[in-house]
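Enquirer: Return a 3D structure for these sequence lines:
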Amino acid sequence: MPLADEVLKGDFLALSRAISQVENGASEAREVLDQLASRVGTALRIGLTGPPGVGKSTTVDELTAAFLARGEKVGIIAVDPTSPFTGGALLGDRIRMSKMAEGGRVFMRSMATRGTSGGLARTTQDAADLLDASGRTVILIETVGVGQSEIEISRASDCVVVMLSPESGDGVQAMKSGLLEIADLIAINKADRGGADRGADESQSQ
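Expert: Next comes the predicted model:
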């Protein structure tokens, strides 16, 4: 069976193969994407970005559970830093989230930036298209977490959630020229810590 047909059936192994082909620039990758182009565009794509340590992965975990409770089929793309030794992703997100992949309703993929700036891997949008075509109804895209340069997420998502922590404080001012301008939602995580209200007020003032 052609790989594109297997992806359309939602086969996780086929989906993994197709994403690997896209990441590696295989000649077959563009053919598969072209075959699936007419089946792309129905999934809701939510991008989560923000500085390191604000709890993006934890929020992806919670959102996934909430969407699963609604009967959605969830796809997760977690963009990780590139290992300087292997050139692959440092798979922290996959390790943390692997428990959610049980049951066939969650497909999770870590992708290495491979030197690409903007918080995403070069092939993140193509991978999201494959998830879309495979029947995922919600796709969560988590950026690598490098700060205000992560504006590429706005092109890959229907909704961008910029996450901050109370400690972000003056960082809000520093990021206003980039990251905050692409936000559809601003979430102050770890709100039980001091400074959360001030952080929310600063965000609203931008």
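Enquirer: backbone phi and psi for Leu15, please?
Expert: Here is the backbone geometry of Leu15 (degrees, to the nearest 10): phi -60, psi -40.
Enquirer: Looks like it contacts Ala127 (just checking).
Expert: No. Using CB atoms under 8 Å, Leu15 is not in contact with Ala127, being 9.2 Å away. For every residue, glycine as well, the C-beta is placed using N, CA and C.
Enquirer: Arg136: how many residues sit nearby?
Expert: By the measure other CB atoms under 10 Å, the count of residues near Arg136 is 25.
Enquirer: So it, which state does it fall into?
Expert: Three-state assignment for Arg136 (DSSP: H, G, I helix; E, B strand; the rest coil): coil.
Enquirer: Not counting sequence-adjacent ones, nearest residue to it?
Expert: Gly75 (3.6 Å; CB to CB, 6 or more residues apart in numbering).
Enquirer: any idea of the pLDDT on that neighbour?
Expert: pLDDT for Gly75: 96.
Enquirer: so it touches Val138, yeah?
Expert: Yes. Taking contacts as CB under 8 Å, Gly75 lies within contact range of Val138: 7.2 Å.
Enquirer: So the two - more neighbours on which side?
Expert: More neighbours surround Gly75 than the other of Gly75 and Val138, with 27 against 21 (other CB under 10 Å).
Enquirer: Quick check: bridge partners of the more buried one?
Expert: Residues in a beta bridge with Gly75, per DSSP bridges, are Phe107, Ile139.
Enquirer: Alright, that wraps it up for me.
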